[in-house]
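Enquirer: Show me how the following folds:
(one chain, ligands or ions: 1)
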Amino acid sequence: MKIADDMRRLGFRRWYERQLIESHAYLVTAFLALILLLAGIESLDYLRGSPLFYIAIIGIAAGAGMLMIITWRRFITLLARAEQFASGADCPQCKTWGRFDVISAEAVSEDDPVESGRPHWVRVKCRKCGADWRLG
Ligand SMILES: [Zn+2]
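Expert: Okay, here's the model as predicted:
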């Protein structure tokens, strides 16, 4: 329920803005991890050292590769969910965008990773006219 709680606390517009900022922070991290991965691979050709040095470089490059994959998946998940919710944030009656209260949301457990994209839906009620509908 963290996302529903965040929407209640911040309001949808601020929540959406923060999702865009957070997802793009993951994108920047993925890009930097990609650069570190490629630099590690490239340095194996030019740097001379002990076998331990090569193992360390390969370990750093592998860690950067894993970080890149995780942050890229989080970027995609957060951005896709934010865009999905934002595209349905128009009130079906009065067409007001993003001004609603969260009524309920898909159940989310503490163990769900960010990559699961839960909750996939949120039930909301318009602050202006009182209509309710489902996002997602
Ligand atoms: Zn409305």
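
Enquirer: for the ion, what are the nearby residues on the chain?
Expert: Contact residues (C-beta under 5 Å from the ion) of the chain with the ion: 91, 93, 94, 126, 128, 129, 131. (C-beta placed from N, C-alpha, C; glycine too.)

Enquirer: can you pull the contacts of the closest residue to residue 105 other than its chain neighbours?
Expert: Among residues not flanking residue 105 along the chain, residue 4 sits closest, at 3.8 Å (C-beta to C-beta, 6 or more residues apart in numbering). When contacts are counted by C-beta atoms under 8 Å, 6 or more residues apart in numbering, residue 4 touches 102, 104, 105, 119, 122.

Enquirer: so how far is residue 108 from residue 4?
Expert: 8 Å (C-beta to C-beta, to the nearest Å).

Enquirer: just residue 19 next, same as before
Expert: Distance from residue 19 to residue 108, by C-beta to C-beta: 15 Å.

Enquirer: neighbour count winner among the two?
Expert: Comparing residue 19 with residue 108 by other C-beta atoms under 10 Å, the one with more neighbours is residue 19, at 19 against 15.

Enquirer: for this protein, longest helix please?
Expert: The residue-count maximum for a helix in the chain (DSSP state H) belongs to helix 51-87.

Enquirer: Can you list the strands that whichever helix or strand comes after it pairs with?
Expert: Next helix or strand after helix 51-87 toward the C-terminus (DSSP states H and E): strand 100-105. Using DSSP bridges, strand 100-105 pairs in its sheet with strand 122-126 (antiparallel).

Enquirer: what about the strand it pairs with, distance to the chain center?
Expert: Averaging C-alpha positions (C-alpha atoms, centre = their mean, to the nearest Å) puts strand 122-126 21 Å from its chain's average.

Enquirer: Name the residues that touch the helix or strand following it?
Expert: Per DSSP H and E, the first helix or strand lying C-terminal to strand 122-126 is strand 132-135. Residues outside strand 132-135 that contact it (C-beta under 8 Å, 6+ apart) are 84-85, 88-89, 91-92, 103, 121-126.
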